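In: build the 3D model from these lines:
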Amino acid sequence: MFMSCDAGTSTPVMRLADSPAETVPFLRSFFENLGLTLALLPPQAEIPGSYWGAPEAGLTGHTLHARPDTPLTSLLHEACHYLCMDAARRGALDTDAGGDVLEECAVCYLSVLIADLVPGYGRPRMLRDMDAWGYSFRLGSAAEWFERDAEDAREWLVSQGWLPGVA
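Out: Residues are numbered from 1 along each chain as shown. Just a heads-up that it's a prediction; the model follows:
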């Protein structure tokens, strides 16, 4: 389980502008299929619904806001918050996704799984970016947490229908 996070690290993370050209169309289509619209903003624009402030992604209603300098980890994390919440919370969504600690862990886990689908990104880079961004895990790294301490997050995702159960 994660213990804390500290946005605004100076360690480089992959930004949307650094990703391959096919990343944005892929993300736009992927999220649209799940009911979430990706709104790309110009550089230096305010990011509506950003919990941590620019350049971090923001959520308002059914829209995920980002600009070229938004970290991919932030974009995926906020998208997964949207995916993990119920319809009532989505309807009132503005900046703070809410949820409890277990849901936050599930959001982190799901975002790592989705990172594997994103052209030019992938799980290893997502896990490094989570560490660079400032997540702090009991086992010392996002990779260690994902591999050895995320059973509760997986179980939550199974209970919500995001992952198949294990018989």
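In: what segments of the chain are helices?
Out: Ranges of helices in the chain, per DSSP state H, are 23-32, 72-84, 87-91, 101-115, 123-133, 142-148, 151-159.
In: go through these and pick out the most buried.
Out: Greatest average neighbour count among the helices of the chain goes to helix 72-84 (a mean of 25), per mean count of other Cβ atoms under 10 Å. Heads up, the C-betas are built off the backbone N, CA and C, glycines and all.
In: please list the residues outside that one that contact it.
Out: With Cβ atoms under 8 Å, 6 or more residues apart in numbering as the contact definition, helix 72-84 has outside contacts at 13-16, 19, 23, 27, 31, 34, 36, 51-52, 55-59, 62, 64, 66, 90, 93, 97, 99, 103, 106-108, 110-111, 114-115, 118, 121, 126, 129-130, 133, 160, 162.
In: from Pro124, how far out is Arg143?
Out: Arg isn't right for residue 143; it's Ala. The span separating Ala143 from Pro124 equals 8 Å under the rule Cβ to Cβ, to the nearest Å.
In: Ser50 reaches Thr95, doesn't it?
Out: Yes: under the criterion of Cβ atoms under 8 Å, Ser50 makes contact with Thr95 at 7.1 Å.
In: mutual contacts of the two, please.
Out: Listed as contacting both Ser50 and Thr95 by Cβ under 8 Å, 6+ apart are Gly58.
In: these two - which one has more neighbours?
Out: The residue with more neighbours, out of Ser50 and Thr95 and counting by other Cβ atoms under 10 Å, is Ser50; that gives 22 against 12.
In: run through the bridge partners of that one.
Out: Per DSSP bridges, the residues bridged to Ser50 are Gly58.
In: next up, the contacts around it.
Out: 56-58, 65, 95.
In: tell me how far the closest residue to Asp69 other than its chain neighbours lies from Ile47.
Out: Nearest non-adjacent residue to Asp69, counting by Cβ to Cβ, 6 or more residues apart in numbering: Pro55, 4.2 Å away. Pro55 is 7 Å from Ile47, where distance means Cβ to Cβ.
In: name the residues contacting each of the two.
Out: Listed as contacting both Pro55 and Ile47 by Cβ under 8 Å, 6+ apart are 67, 70.
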